[in-house]
Each structure stands twice: as C-alpha cells, then as structure tokens.
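> attaching a predicted model along with its sequence, questions to come.
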Protein chains: 2
Amino acid sequence: MAAMTILVADDDKEIRDGIEIYLKNEGYRVLKAADGREALDLLGKEEVHLLILDIMMPNMDGITATFKIREAQNVPIIMLSAKVEESDKIHGLSVGADDYVSKPFQPMELMARVKSQLRRYVQLGTYDGGTTLEIDGLVLDEEAKTVTLEGAPVKLTPTEFKITELLMKHPGRVFSINEIYERVWNEEAYNAENIVAVHIRKIREKIEADPKNPRYIKVVWGVGYKIEK
Amino acid sequence: MAAMTILVADDDKEIRDGIEIYLKNEGYRVLKAADGREALDLLGKEEVHLLILDIMMPNMDGITATFKIREAQNVPIIMLSAKVEESDKIHGLSVGADDYVSKPFQPMELMARVKSQLRRYVQLGTYDGGTTLEIDGLVLDEEAKTVTLEGAPVKLTPTEFKITELLMKHPGRVFSINEIYERVWNEEAYNAENIVAVHIRKIREKIEADPKNPRYIKVVWGVGYKIEK
DNA sequence: ACACATCTTAAGAATTTCTTCATATTTTCC
DNA sequence: GGAAAATATGAAGAAATTCTTAAGATGTGT
C-alpha cells in the first residue's frame, strides 16, 4: 500500500515535530499545520488519511475544525488535549472525532491509536467524491449544492439540502430521526423529533407534487424516513 | 435500526449490572458474561455488535479474549482496566481493541465511546447487518425495513417487522414466547403470551396465504414459534 | 440597524400501531 | 372422549408516532 498521509495540527512546534518523528518512523507521510485554519487549507489540497488535531489552537480550535471537516469528509480524526476533563472527551467524540488522547501522552500510545484507526479506515476503502446523485428525476449535485426535479431547479436551504443528501446517498435505507439529526447537525439528538419532522415537511413541500402521498421521502412508521431506491 | 446488542464482560457483577443499566437506557440489548470464556461462548451463539471487556478476568483475560475474537470477527471492542499504566493501553489497542477506558470511569464517557464505535462500525459497513434475509419466497430487507412475499410488498408494523426479523435471522430455531418478547421489546417478559400471540397472528394474516396452515411461522406446541429453514 | 431567510420551538390534530380482554379453537394427555 | 393447557381470534380503547400550523428566535447580508 502507498504511504498513508497523516496531518498533524498543533500550535506547539515541538509537539508537531515530535509526533512527526514517530510517525515517519512508522512509515507514514506527515503534513503539519500550526492551527485549524491551516489544517483545513491543507486538507483541501492534499489527500489525507488521518488527522491528529490539538483542541486548543489559535485561529480555529480542533473541535470547530472537526466539525467543518465532518461536513465533507469521513477521515479518521484523533484529538489531542491538555485538558483532562471528561466533558472535553465527550464533546470531542460526539462532535465527530474518532478517538481522544490527552496530553501528556506516551508517543507509543498515540502510535497505537493511529494504527487502530487507520486499520479501520483502510478496510472500507476511501471516501466518496462529490458527484451527483439521481433518483427518479430528482437530481442532487453535491459539488454545486443544487437540486433539480425533472430538470426544474429546486431551492433547498442548507439543512434541507443536507437531509436530502443523506437520504439520497443511501437510497432505500431507513434513517431514524435521531440518526438524521446526529448526522446532519453533528450533535447529540435530544428532542429532535419535531425539528426533523418540520424540515422533512418543508422538503416535501418543495419536491413532492403531493406531500400527502410522497413519491420520494417516505416515512417508515416507528422507524424513520427513507428515499426509495 | 434494530436494537444493537452489546456484550459486557467483567468479573465484578456490580460493574456488569451498572453498565447494563446505562446501556439499556440508551436502547441497547445487553448480554453479560463473568469472564472471557463465557464471553466467547455467548459470542458464538448470539449476534453481538460491540464488546466491553475487562482486562483482568478469571478463566480468560480480556486481552486473550480480544486476540481470539479478532481471529474470526471484526466487531468493535472497548477494553476496561483498573490499571492506569500506559503499557496496558498500548497492549490493548495493538492487540486489536478499538478503544480503551480505565477504571474508574464516568458512565457517560463510556456511553459516548460506545456510540462513537458503533457509529463507526455501522457507517463503515463493517457491520453486515444491512443485508437481506430470504426464506422460500419471503424476503426481508433490514436496511429498507421492507418485506416482500413472492415479490409483492408486505406492509408490516415495527413490532411485526422485528418479530419476523428475529425468526428469519435464525431459521429453524424455536423461540419461546418469552424470548421473543424479551428480544423484541427489550424488557422483562411478564404476561407476554397474549401480546406475542396477537402479533404473530397479524403477521400471519399478512404473509400466510392460509393462516390456519402456516407456511412460514409455525408453532411448536408448548415451546414457541419458528420459521422453517 | 434593518430586512430577509432560515431554523427552532410548541401545541394540537391526524394517523397508525399496540395492548387488553373476552371468547373461540386447537392440541395434548389421560 | 373429555379435561386441561396452549394458542388463535376479534374488536375496541389506549398509546405512540407523525403531521401540521404558526409564531418566535437566530442568523446573514446590506
């Protein structure tokens, strides 16, 4: 397998360089960033297979960065933090990070976690490029963020777009309301029923000729919503 | 999504039961084992989606168990340990565990990690539960939550679907009424006879041409129900 | 600061599903 | 064949889930 690329983002240069040494030693290619903004920029230009993000960084902290990254990518993220508080761990994990290591850490522990995450990641293959999805006359362009129905443009709000995108990416699969909420909003679902229901209705108003008998977004009673294959 | 099953192995009964309460509260089905050997036995009989293994257990420790499990399965494993030593963490992770929590732990942290691992497991498709089951013209799609009979769609309610799913997942095996109740409702069976019988009847109405002489769901007098292989 | 679009919250209505109970039928065993 | 146990059925009220409407909150750009 070609060398995996790992992006290390930490404002402390010593830590960046230290981690780099260990990673290179394991045969990985390493990119470095001093803050979240830099990390995002690099991520746009290079193919990265795993990120190690410090939580506290100038410009953009690790949690915000994770949030942004998760909007587009599914790459494994390991968070670093000096804080030992549990609340941070939970926050990091629920925001979309895949693992969490608190400073100071044993380099070998970090290496073990990198391997663990990478093993997972590789097994699936890679992520999906932003193409267009089409289902029975409904076309969604992930790059242009547009939707057309039988050729006619449909104007969806960002949230509506994300929900539609999620459902169209997995046609036929049923998503529970909580799952929709967690994957679109990127946070714990709490009392999400109403919120999701309202958005579903708005989407239906826009893409369904007869919202009472929806052609695309169907409800599976007691389970969730889906778009037919 | 059908309830995920989590296997908790710890030699301390209090910890097992404590974790169980939190997990059930989140809607998971919970199996318990007092040592590694028991855990492996259960794993052979039941479908498990995630394991929480204590490192120090009689008969077979968590690390050995992880090693054995990894020979056959790729299910997420979270390790528990009273030791705080880094060496254990590394050992645990490199042996094949997916995450590590040291005792004493905050229950909420453990829950966050369970969710995180499970989300990953499901999302990466490592989880093969999204397939279809078929028995003699009766097809059940676990992802789409649909059932077809000789190609014609059959509309089942959530409870009916879960019962059918359970029986079809283990064709030929007889499930007692109590077992059906406990696995579908995820709670203690108390006076469950009637309720299960009513649902069985409704399912038969929908999938049996002649409910009097059922082709799929057969009763084993005095024992329970099964679907023929 | 203002106008505009979007998101969230709340509450009741509409719908679907679950449970209960009474009664009927079938099977087993003596 | 008859009694006891187990399962099957029908219908109605209870419960849960989703839908709808509308108003208030939040955010964005000018």
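Thanks, I have the structure now.
> do you know how far A:Leu43 is from DNA strand D?
21 Å (Cβ to the nearest atom of the strand, to the nearest Å). Heads up, the C-betas are built off the backbone N, CA and C, glycines and all.
> which SSE is that residue in?
Per DSSP states H and E, A:Leu43 falls inside helix A:36-45.
> and A:Glu143, by the same measure?
Short version, using DSSP H and E: A:Glu143 is in no helix or strand.
> just give the number of residues close to it.
Residues lying near A:Glu143 (other Cβ atoms under 10 Å in any protein chain shown) number 9.
> circling back: helices or strands next to the next helix-or-strand element following the helix holding A:Leu43 in the packing?
Toward the C-terminal end, the helix or strand that comes next after helix A:36-45 (DSSP H and E) is strand A:50-54. Strand A:50-54 sits against strand A:5-9, helix A:36-45, helix A:62-72, strand A:77-81, helix A:107-124, with contacts defined as 3 or more Cβ pairs under 8 Å, 6 or more residues apart in numbering or on different chains; DSSP states H and E.
> okay if I get the ones you listed as a markdown table plus mean neighbour count and distance to DNA strand C?
A markdown table is the format used below for the helices and strands packed on strand A:50-54 (neighbours: other Cβ atoms under 10 Å in any protein chain shown; distance: least, Cβ to the nearest atom of the strand, whole Å):
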| stretch | mean neighbour count | distance to DNA strand C |
| --- | --- | --- |
| strand A:5-9 | 23 | 28 |
| helix A:36-45 | 18 | 21 |
| helix A:62-72 | 19 | 13 |
| strand A:77-81 | 24 | 23 |
| helix A:107-124 | 18 | 29 |
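> any chance of these in JSON lines, plus mean pLDDT?
Output for these, formatted as JSON lines (pLDDT from 0 to 100):
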{"stretch": "strand A:5-9", "mean pLDDT": "91"}
{"stretch": "helix A:36-45", "mean pLDDT": "82"}
{"stretch": "helix A:62-72", "mean pLDDT": "76"}
{"stretch": "strand A:77-81", "mean pLDDT": "85"}
{"stretch": "helix A:107-124", "mean pLDDT": "74"}
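> out of these, which is closest to chain B?
helix A:107-124 (4.1 Å; Cβ to the nearest Cβ).
> send me the closest one as PDB with only the CA atoms.
What follows is helix A:107-124, C-alpha atoms only, in PDB (Å, rounded to 0.1, in the frame of the first residue of the first chain):
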ATOM      1  CA  PRO A 107       4.100   8.500  21.900                       C
ATOM      2  CA  MET A 108       3.600   4.800  21.600                       C
ATOM      3  CA  GLU A 109       0.100   5.200  22.800                       C
ATOM      4  CA  LEU A 110      -0.600   7.700  20.100                       C
ATOM      5  CA  MET A 111       1.000   5.400  17.500                       C
ATOM      6  CA  ALA A 112      -1.100   2.500  18.700                       C
ATOM      7  CA  ARG A 113      -4.200   4.600  18.200                       C
ATOM      8  CA  VAL A 114      -3.200   5.900  14.800                       C
ATOM      9  CA  LYS A 115      -2.700   2.300  13.700                       C
ATOM     10  CA  SER A 116      -6.000   1.200  15.200                       C
ATOM     11  CA  GLN A 117      -7.900   4.000  13.400                       C
ATOM     12  CA  LEU A 118      -6.100   3.500  10.200                       C
ATOM     13  CA  ARG A 119      -6.700  -0.200  10.100                       C
ATOM     14  CA  ARG A 120     -10.400   0.600  10.400                       C
ATOM     15  CA  TYR A 121     -10.400   3.200   7.800                       C
ATOM     16  CA  VAL A 122      -8.500   1.200   5.200                       C
ATOM     17  CA  GLN A 123     -10.800  -1.700   5.500                       C
ATOM     18  CA  LEU A 124     -13.600   0.200   3.900                       C
END
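> brilliant, that's me finished.
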